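Undergrad: I need the structure of the sequence given here:
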Amino acid sequence: MAGRNLITRAARWSAVHPWWAMTLWVVFVLGALTVGGMTGTRSATDSDLAIGQSGRAAALSRSGGLESRAVENILVTPYRGALDRSAANRALDEAVKAVKGVEGVAAVGRPVPAPDGSALLVPVTLAGDPETADARVGPLLRKVAAVRDAHTDVRVELVGAGSIKAGLNDMLDRDLSKATVLSLPVTLLVMVFVFGAIVAASVPVLLGISSVLAGLGLWGVASQLVPDPGPVTHIIVLMGMAIGVDYSLFYLKRQREERALGANNIDAIEIAAATSGHSVMISGLVVMASMGALYLAGHIAFESMATGAVLVVAIAMLASLTVLPAMLSKFGRYLDRPRVPLVWRLTQKGGVKPRLWSAMLKPSLRHPALALVLSVGALLALAVPALGLRLKATGIDDLPRSIPAMQANERLTRSFPSQADTHMVAVRVPAGHGGELARGVDALVSRVRHDGLFVHTPAPEVRTSRDGRVATIAVGTRFNSSSRQAQDSLFRLRDDIAPATLGRIGGARYAVGGSDVAYDVDYRANVVDKMPWVLLVALVFTFLVMAAAFRSLVLAAITVVLNVLSAVASFGLLALIFQRTWAEKILDFESTGRVVAWLPLLLFVILLGLSMDYHVFVISRIREAARGGLNIREAVEQGITRTAGVVTSAAVVMVCVFGLLASLSFIEMKQLGVGMACAVLLDATLIRIVVLPSVVMLLGWKTWWPSRLAHQDETRPVCVPAPLAEVADGVVRVRARR
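TA: Numbering: from 1, shown residues only. Below you'll find the model as predicted:
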């Protein structure tokens with residue numbers, strides 16, 4: 001009750017002092033943006049993202065000062081047919097002269113012809129931190145582009161890790177900017193159909209935008225401690241809009257409903273705070289708790305995503321409980337202006353029991369056991385493909401071919417097979433073991449030369465530290481990182497060749513990393529190892545919050561089971577869509593046969609939080625109806641039919657916002673968008689309209705055990721104390737204290 005009193009007191013203060021509340025909110029948002037602009041957003045480096053044995057290999061090489069420099073390649077290939085060597089040499093000479101004068105170029109190598117004569121290549125070594133090469137490669141790209149435009153008889157390109165990452169960042173910025181811009185009119189359109197008036201429709205969108213802006217500003221500060229691996233700002237935008245709009249929608253819808261029942265504006269706001277505001281607080285706590293479980297994943301990417309999500313959810317919750325009541329108080333009489341004629345008339349029928357939802361509910365109310373078996377069976381059938389879910393960390397081979405640097409990379413690896421992927425073996429020995437180190441390295445190189453899984457020309461590159469204690473061996477493979485042979489080559493090095501050679505050196509520490517395939521193997525292993533613990537903690541947090549909020553262990557258990565059902569069904573859909581090829585043309589992607597390794601874990605915790613928006617809202621209305629004296633069947637029917645419109649609207653907003661990601665080129669964003677849209681759609685329809693009412697009908701009053709409501713005898717209502725409530729139309733409505 002104390003939590004509820006705090007919410008209502010905050011809402012009443014904001015409603016009575018609207019200008020103060022709105023001014024403080026504007027100051028907060030502007031302050032967050034200012035501080036974030038001053039600090040900037042710190043990006044995660046490869047060292048931050050290092051994990052497992054590949055991370056140890058990188059650390060060993062750094063300990064000897066052997067970290068690799070960033071290398072870009074000037075590549076000359078023919079547009080068609082055989083390469084004209086004289087034209088290629090002229091273009092290459094001009095390109096070399098152009099890049100030599102660029103600041104930050106440490107060295108330019110000699111021309112290297114492809115073994116089959118199909119290309120010429122010149123390596124360009126960049127000075128500075130290789131992990132920031134993408135931010136410094138722009139001048140090189142412009143110089144090479146100018147040479148390409150001047151020599152139309154051959155293709156001149158720049159390709160390397162920095163140029164590929166720069167191209168990916170540019171593509172993501174364009175795509176996500178487009179998705180963000182499109183999400184605003186789509187969300188506003190949905191809100192217009194919900195409220196029938198432009199001002200009322202704009203309020204949730206405005207609060208969603210302000211929550212996102214504040215979240216982005218504070219994320220700049222937080223990223224100084226937990227650096228951004230890339231997708232965090234996009235998660236803040238998507239979650240901030242979805243949650244900010246939903247929280248405001250629930251609150252505003254309840255306030256309008258209470259106004260329609262005769263309450264004055266202040267009382268309606270306070271009733272909305274004590275009901276929908278209470279639901280918002282519970283939902284927000286569950287979202288933050290479930291996202292917080294990602295800190296157990298043991299990787300900076302998950303920690304940063306958890307931090308960004310928790311920030312924006314807390315801000316959206318705060319906005320709904322403070323500045324929203326102020327806006328409703330100050331501009332309440334203008335909320336229904338200007339009205340959209342036809343839509344406005346439809347929204348005014350909200351007090352009549354919706355026939356559609358009543359019809360959809362009938363099977364669950366009349367035959368709950370059958371409805372439960374069929375619906376759960378359908379969800380489990382959708383979940384079956386998840387048994388074959390295969391995970392993969394995104395590597396260079398998974399990047400969109402629409403990126404020019406990726407097209408150049410394909411030509412590079414086709415003409416120079418040794419550039420496909422390269423493992424790095426790093427070893428450090430105690431002082432005085434330099435001779436053993438040299439013999440061990442020679443033995444490893446000899447073994448590699450006689451193994452068909454590795455490239456023999458050029459020979460493995462060996463580098464040794466100045467003190468002779470650290471060595472690295474770059475071993476090329478002839479297979480791309482997504483192939484089975486590339487994984488076999490890694491395991492051959494890790495499990496056979498390195499132990500048999502370097503492992504014989506006393507006190508030696510060694511590791512094999514350096515390649516996309518090594519990072520993929522180590523990343524997947526970490527996800528698989530930590531996933532059960534993260535999911536368990538997220539579910540336990542959800543159980544505890546629900547049990548504390550509704551005083552019901554049974555309801556908390558139901559909530560956990562329903563969330564697991566919707567999550568595993570969405571995993572199955574991900575496998576069905578992205579591990580096969582049937583949907584490639586529909587969604588415009590090329591199947592890798594895998595799902596992004598971080599996605600199931602992130603999808604589960606986000607869905608666990610987002611689904612609580614309408615789950616708590618629906619459960620609260622069912623409980624209100626039951627406490628008002630209705631029997632279980634009537635309470636379920638009234639609770640769901642009264643919330644069906646707003647729950648559907650909230651789900652439509654989420655599906656639209658996440659569905660926009662399905663139009664993006666990057667497979668990670670496409671899988672996230674499709675996965676979230678499918679999961680929310682399943683959760684808001686099959687789970688809430690069929691499974692939930694069927695379970696409550698079968699359990700009856702035991703649903704609320706061990707609260708007082710569990711002992712309801714169907715004849716006596718469990719009443720709220722008179723100063724706090726009144727009963728109207730069978731629903732308990734909280735009356736404000738005066």
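Undergrad: what's the separation between the residue nearest to Val186 when sequence neighbours are not counted and Ala179?
TA: With sequence-adjacent residues excluded and distances taken as Cβ to Cβ, 6 or more residues apart in numbering, Val186 is closest to Cys656, at 4.7 Å. C-beta here means a position set from N, CA and C on the backbone, and glycine is covered the same way. Per Cβ to Cβ, to the nearest Å, Cys656 is found 11 Å from Ala179.
Undergrad: these two: which is more packed in?
TA: Taking other Cβ atoms under 10 Å, Cys656 and Ala179 do not tie; Ala179 has more neighbours (23 against 18).
Undergrad: that's a helix at the more buried one, yeah?
TA: Yes - the assignment for Ala179 by DSSP: H, G, I helix; E, B strand; the rest coil puts it in a helix.
Undergrad: with only the CA atoms kept, save stretch 324-339 in PDB.
TA: C-alpha atoms of stretch 324-339 as PDB (Å, rounded to 0.1, in the frame of the first residue of the first chain):
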ATOM      1  CA  LEU A 324       2.400  12.500 -17.700                       C
ATOM      2  CA  PRO A 325       0.000  13.400 -14.900                       C
ATOM      3  CA  ALA A 326       1.100  17.000 -15.200                       C
ATOM      4  CA  MET A 327       0.400  17.000 -19.000                       C
ATOM      5  CA  LEU A 328      -3.000  15.400 -18.400                       C
ATOM      6  CA  SER A 329      -3.800  18.000 -15.800                       C
ATOM      7  CA  LYS A 330      -2.700  21.100 -17.800                       C
ATOM      8  CA  PHE A 331      -3.900  20.100 -21.200                       C
ATOM      9  CA  GLY A 332      -6.700  17.700 -20.200                       C
ATOM     10  CA  ARG A 333      -9.500  19.600 -21.900                       C
ATOM     11  CA  TYR A 334      -7.500  19.800 -25.100                       C
ATOM     12  CA  LEU A 335      -6.800  16.000 -25.300                       C
ATOM     13  CA  ASP A 336      -9.800  15.300 -27.400                       C
ATOM     14  CA  ARG A 337      -8.900  18.000 -30.000                       C
ATOM     15  CA  PRO A 338      -8.800  17.900 -32.900                       C
ATOM     16  CA  ARG A 339     -11.000  14.900 -33.400                       C
END
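Undergrad: same question for it: list its buried residues.
TA: Leu324, Pro325, Ala326, Met327, Leu328, Ser329, Lys330, Gly332, Leu335, Asp336, Arg339 (16 or more other Cβ atoms under 10 Å).
Undergrad: what do you get for stretch 397-409?
TA: Asp397, Asp398, Leu399, Pro400, Ile403, Pro404, Ala405, Met406, Ala408, Asn409.
Undergrad: circling back: need the buried residues of stretch 324-339 in JSON lines (columns: secondary structure, distance to Phe578 and pLDDT).
TA: Supplementary listing: the buried residues of stretch 324-339 in JSON lines, determined by DSSP: H, G, I helix; E, B strand; the rest coil; distance: Cβ to Cβ, whole Å; pLDDT from 0 to 100:
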{"residue": "Leu324", "secondary structure": "helix", "distance to Phe578": "38", "pLDDT": "91"}
{"residue": "Pro325", "secondary structure": "helix", "distance to Phe578": "43", "pLDDT": "92"}
{"residue": "Ala326", "secondary structure": "helix", "distance to Phe578": "45", "pLDDT": "91"}
{"residue": "Met327", "secondary structure": "helix", "distance to Phe578": "42", "pLDDT": "89"}
{"residue": "Leu328", "secondary structure": "helix", "distance to Phe578": "43", "pLDDT": "88"}
{"residue": "Ser329", "secondary structure": "helix", "distance to Phe578": "48", "pLDDT": "87"}
{"residue": "Lys330", "secondary structure": "helix", "distance to Phe578": "48", "pLDDT": "84"}
{"residue": "Gly332", "secondary structure": "helix", "distance to Phe578": "47", "pLDDT": "72"}
{"residue": "Leu335", "secondary structure": "coil", "distance to Phe578": "43", "pLDDT": "77"}
{"residue": "Asp336", "secondary structure": "coil", "distance to Phe578": "44", "pLDDT": "77"}
{"residue": "Arg339", "secondary structure": "strand", "distance to Phe578": "44", "pLDDT": "79"}
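Undergrad: circling back: shouldn't the residue nearest to Val186 be in contact with Thr187?
TA: Yes - using Cβ atoms under 8 Å, Cys656 makes contact with Thr187 at a distance of 6.8 Å.
Undergrad: near Asn370, how many other residues are there?
TA: Rather than Asn, residue 370 is Leu. A total of 12 residues lie near Leu370 under the criterion other Cβ under 10 Å.
Undergrad: so who does Ala677 touch?
TA: Met654, Val655, Phe658, Gly659, Ala662 (Cβ atoms under 8 Å, 6 or more residues apart in numbering).
Undergrad: again, only this time at 7 Å
TA: Counting by Cβ atoms under 7 Å, 6 or more residues apart in numbering, Ala677 makes contact with Val655, Phe658, Gly659, Ala662.
Undergrad: okay, now the last one: neighbour count?
TA: Other residues within reach of Ala662, judged by other Cβ under 10 Å, total 22.
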